[in-house]
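>>> All I have is the shape, not the residue letters:
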Ligand SMILES: Cc1cc2nc3c(=O)[nH]c(=O)nc-3n(C[C@H](O)[C@H](O)[C@H](O)COP(=O)(O)OP(=O)(O)OC[C@H]3O[C@@H](n4cnc5c(N)ncnc54)[C@H](O)[C@@H]3O)c2cc1C
Ligand code: SF4
Ligand code: SF4
């Protein structure tokens, strides 16, 4: 069947995979420097206007301007904040680099038409907390997509990238990617001198707390499929600190973020007995410093510690924590601000209150730690290992152009680049710009004469691999009496001796990750036995992808999304197996404490693209900003 | 479940299919209407609801925690650039909200080639950052005073007695 789909080969200089915040920034900046001298192409699995984590809108640019103005923060302040929040696991060169470019990004957003709230007296952008500017952000992504589309030489939408292509005449050199169009099935081969991966974070890797039709209610959106890490991993690139993951405290079930209530409305949360936990009282900090050292005293309290407190309250029967919304909603205006915040960003939160008759001005709301996610732009350092800016990075962190991963010609930005959290939407866009300029420079100088070497055999082999689940389904379907489902629908419970559909593969992955790799069902706890066993089960799941079946192109998309998630899961478990301490949003019961003496290091895992063998190493964390 | 299409309203234009970030909205060639083919992958992002010109797509929030009875209406007006919401609680309480969504006309944002060309490909400065009002600083900042601490910053602090 695969042979019936046409193959389309696209040649370009710079290929950007993923048109989210980082991808749009990369396209814009790369084209600015390329002009007519090089071609910039975007490939995106959805519609760039509303794709990515910003697809449903947002309520703030969580990283704002840094200027000489005494009221504005300085890049140094930001590095110190991120360093504390990520319990020391941070690439200070990368974090500083983003902060020093933030002003131009916010100014561009403003000119393009993003409604950023201003102080009516001074005309300056308002701040909620130290780093973020509130916005009316329903159309945030649509506004950012517009200059991106205008800048790109070519845009391919509804094309899902499945595999990287390595150069066949040079080791460890990216030459392009392959993918397929989810509407017409065309097989795409992109050949490029530089590839910038900006394909967002990972949701649904762990068993979600939601059940049934609510399965899609995860905090990070369902369409974040982990390609950001899977594509580089398949190319042989190294990850960093993947074990750290991200568990955030959110409003229960609807997963509305809590930043706005805490920062703008100055709300507090308590346990069910009324004891306050946020802001964290000093006596609690003193107690927590026995486990978390000085990190417990950091201001603000690091996100992993705040999450840990909520988990502890649940475990000890004092939970769930309650957001005391009613204390801080004195009038219609403040209630309006609260509702509009969610309608802009997480509409389900507003529906949740409406459906359960919860009036936030009268009643508190339950909080809950989410299932874990893997993504690098929020309060977690897991992601890919990237080269730093040549003017400020320690020499150990420079092996190529800025934001190049450990594979020649392969760049990353946004959720992709690890050890540099807290970039959020605007910082991801900025990092995309940094990677875009860096890739343009690379293509116009160092890689000027490079031509990708990819044989026809390789292209045909990948084509077979990519469409195999479709063929497998149609070959095996007639073996049972189970009727075919209407177009596109998945038959969740179809029992077939020879195949597994994407839903069955996904649920196995989620169960394994939850029970063996510290999901919510295990109160985020694991041990060496569980990790080793989980690793074996993931291996078997990978083998079972031979039996993956897809009835339609939509299901084919889902199968590849689950495969990408599986690779992310393997990187997480392999990192956890090797870090012999607990740091981040999980507890390894065999090594339950932070070990600053031996484990203040980055962890890296790599999958050999030839053999599929995984390897592990550590590297030192080098701090460049004074304590 | 969570979004669905009213059969009587859908004209089969395909806008919902085009916009859904999760590829859930599909076109049924038999009755020539859109439908949510993969509701468990639906994030309730509401894009299909907002983009449907016939207001044929609606949402029935997740049944695993949302009792029936609440209603949600949304109109995204890209001429006035305002989004209007109506939230009806299960107990009948009604709230109307309206927020601006954009301050400039659609299609007016400048692309990369609309910004004057520069030759400093070797510098670390990005587009427009040759102007201080875009950069926010007279020149690109570098750490004022760099240190080199390998390993624990806490230990380094203890050694210097710093806090
Ligand atoms: C509910 C929620 C609220 C948030 N609130 C805020 C906030 O108020 N302020 C803030 O600043 N940040 C906020 N964030 C964080 C912010 O959205 C992210 O940090 C940011 O979007 C990350 O940008 P990115 O470009 O790395 O990834 P994304 O924006 O997710 O982009 C990834 C892109 O890659 C595409 N893609 C993925 N896989 C493939 C593939 N295999 N082939 C082709 N294309 C692919 C996707 O479709 C997508 O367009 C929030 C996030 C969430 C989920
Ligand atoms: S609400 Fe969003 S994810 Fe769900 S079907 Fe509509 S556009 Fe797709
Ligand atoms: S956008 Fe509306 S009218 Fe058009 S296909 Fe979808 S549901 Fe039907």
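Cool, got the structure. Computed from a predicted model, the values in this text were never measured in an experiment. Numbering: from 1, shown residues only, chains lettered A, B, ... in the order given. Ligands and ions are numbered 1, 2, ... in the order given.
>>> going forward, measure contacts and count neighbours with C-alpha atoms only.
OK.
>>> quick one, what contacts the nearest residue in space to residue A:49 that is not next to it in sequence?
Spatially, and ignoring its direct neighbours in sequence, residue A:49 is nearest to residue A:142 (4.5 Å; Cα to Cα, 6 or more residues apart in numbering or on different chains). When contacts are counted by Cα atoms under 8 Å, 6 or more residues apart in numbering or on different chains, residue A:142 touches A:48, A:49, A:50.
>>> Does the last one touch residue B:18 like I think?
The reference is to residue A:50. No. The pair residue A:50 / residue B:18 is not scored as a contact, 10.0 Å apart, by Cα atoms under 8 Å.
>>> SS state for residue B:127?
Three-state call for residue B:127 (DSSP: H, G, I helix; E, B strand; the rest coil): coil.
>>> State the distance from it to residue A:368.
Here residue B:127 is placed at a distance of 42 Å from residue A:368 (Cα to Cα, to the nearest Å).
>>> rewinding a little: residue A:50 and residue B:18: which has the busier surroundings?
Neighbours were counted for residue A:50 and for residue B:18 using other Cα atoms under 10 Å in any protein chain shown; residue A:50 has more, 26 against 18.
>>> residues contacting that one?
A:56, A:141, A:142, B:19, B:20, B:21, B:47.
>>> could you redo the last one with a cut-off of 10 Å?
Residues counted as contacts of residue A:50 (Cα atoms under 10 Å, 6 or more residues apart in numbering or on different chains) are A:19-20, A:56-57, A:138-145, B:19-21, B:45, B:47.
>>> overlap between these and the residues near ligand 1?
A:19, A:20 (Cα under 6 Å from any ligand atom).
>>> Quick one: mark the members of the contacts of residue A:50 that sit in strands.
Among those, no residue falls in strands (DSSP state E).
>>> burial count for residue A:495?
For residue A:495, the neighbour count with other Cα under 10 Å is 12.
>>> so it sits right up against residue A:483, yeah?
No. Taking contacts as Cα atoms under 10 Å, residue A:495 lies outside contact range of residue A:483: 11.3 Å.
>>> list the contacts for the residue most central in space within chain B?
Closest to where the C-alpha atoms of chain B average out (Cα atoms, centre = their mean) is residue B:45, at 8.7 Å. Counting by Cα under 10 Å, 6+ apart, residue B:45 makes contact with A:50, A:54-57, A:217, A:221, A:343-348, B:3, B:20-22, B:59.
>>> cutoff 7 Å now
Going by Cα atoms under 7 Å, 6 or more residues apart in numbering or on different chains, residue B:45 touches A:56, A:347.
>>> Find me the pLDDT at the residue located most distally from the centre of chain A, would you?
In chain A, counting by Cα atoms, centre = their mean, residue A:481 sits farthest out from the average C-alpha position, at 41.1 Å. Residue A:481 is assigned a pLDDT of 93 by the prediction.
>>> Compute the first-to-last residue distance for stretch A:406-416.
One end of stretch A:406-416 sits 13 Å from the other (Cα to Cα).
>>> pLDDT on that stretch, on average?
98.
>>> Distance from that stretch to the middle of the chain?
Centroid separation for stretch A:406-416 versus its chain: 14 Å, with Cα atoms, centre = their mean, to the nearest Å.
>>> same check, this time on stretch A:565-573
13 Å.
>>> Any stretches of chain B with poor pLDDT?
Applying pLDDT under 70 to chain B picks out residues B:1, B:160-163.
>>> Give me the domain ranges for it.
As recorded under automatic domain parsing, the domains making up chain B are B:1-103, B:114-163.
>>> I'd like those laid out as TSV, including distance to residue A:551.
Shown next, in TSV, are the domains of chain B (distance: least, Cα to Cα, whole Å):
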stretch	distance to residue A:551
domain B:1-103	13
domain B:114-163	45
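>>> Those: which one's closest to residue A:128?
Closest to residue A:128 of these is domain B:1-103 (Cα to Cα; 18.5 Å).
>>> Can you pull the residues of chain B lying near ligand 1?
With the criterion set to Cα under 6 Å from any ligand atom, chain B never comes near ligand 1.
>>> Count the neighbours of residue A:186 for me.
Per other Cα under 10 Å, the neighbour tally for residue A:186 reads 17.
>>> which residues sit in contact with residue 48?
Using chain A here. By Cα under 7 Å, 6+ apart, the residues touching residue A:48 are A:19, A:20, A:145.
>>> my bad, chain B
Here residue B:48 is in contact with B:16, B:19, B:20, B:57 (Cα under 7 Å, 6+ apart).
>>> Over to the residue nearest to the centre of chain B: give its phi and psi.
The phi/psi pair for residue B:45 (degrees, to the nearest 10) reads phi -70, psi -20.
>>> check which helix or strand covers residue A:15.
strand A:14-17 (DSSP states H and E).
>>> Briefly note if that strand comes near chain B.
No. Against chain B, strand A:14-17 shows no contacts by Cα under 7 Å from any Cα of the partner chain, the least distance being 15.0 Å.
>>> That strand pairs with which strands?
With DSSP bridges as the test, strand A:14-17 is paired with strand A:40-44 (parallel), strand A:194-197 (parallel).
>>> And the contacts of residue B:48, which is closest to residue A:531?
When the contacts of residue B:48 are compared for distance to residue A:531 (Cα to Cα), residue B:20 wins out at 36.7 Å.
>>> Is that closest one in contact with residue B:49, as I believe?
No. Taking contacts as Cα atoms under 7 Å, residue B:20 lies outside contact range of residue B:49: 9.7 Å.
>>> host element of the residue of chain B positioned farthest from its centre?
Residue distances from the centre of chain B (Cα atoms, centre = their mean) peak at residue B:159, which lies 46.7 Å from the mean C-alpha position. Applying DSSP H and E as the criterion places residue B:159 in helix B:153-160.
>>> Sort out which residues of that helix are buried, please.
For helix B:153-160, the buried set under the neighbour-count rule, 16 or more other Cα atoms under 10 Å in any protein chain shown, comprises B:153, B:154.
>>> distance between the ends of stretch A:342-352?
11 Å.
>>> what's the overlap in contacts for residue B:20 and residue B:49?
With Cα under 7 Å, 6+ apart, residue B:20 and residue B:49 have no common neighbours.
>>> dump the residue contacts of residue 25.
Went with chain A since none was named. Residues near residue A:25 by Cα under 7 Å, 6+ apart: A:429, A:430, A:432, A:433.
>>> nope, chain B please
Residue B:25 makes contacts with B:16, B:17, B:34, B:35, B:36, B:37, as judged by Cα under 7 Å, 6+ apart.
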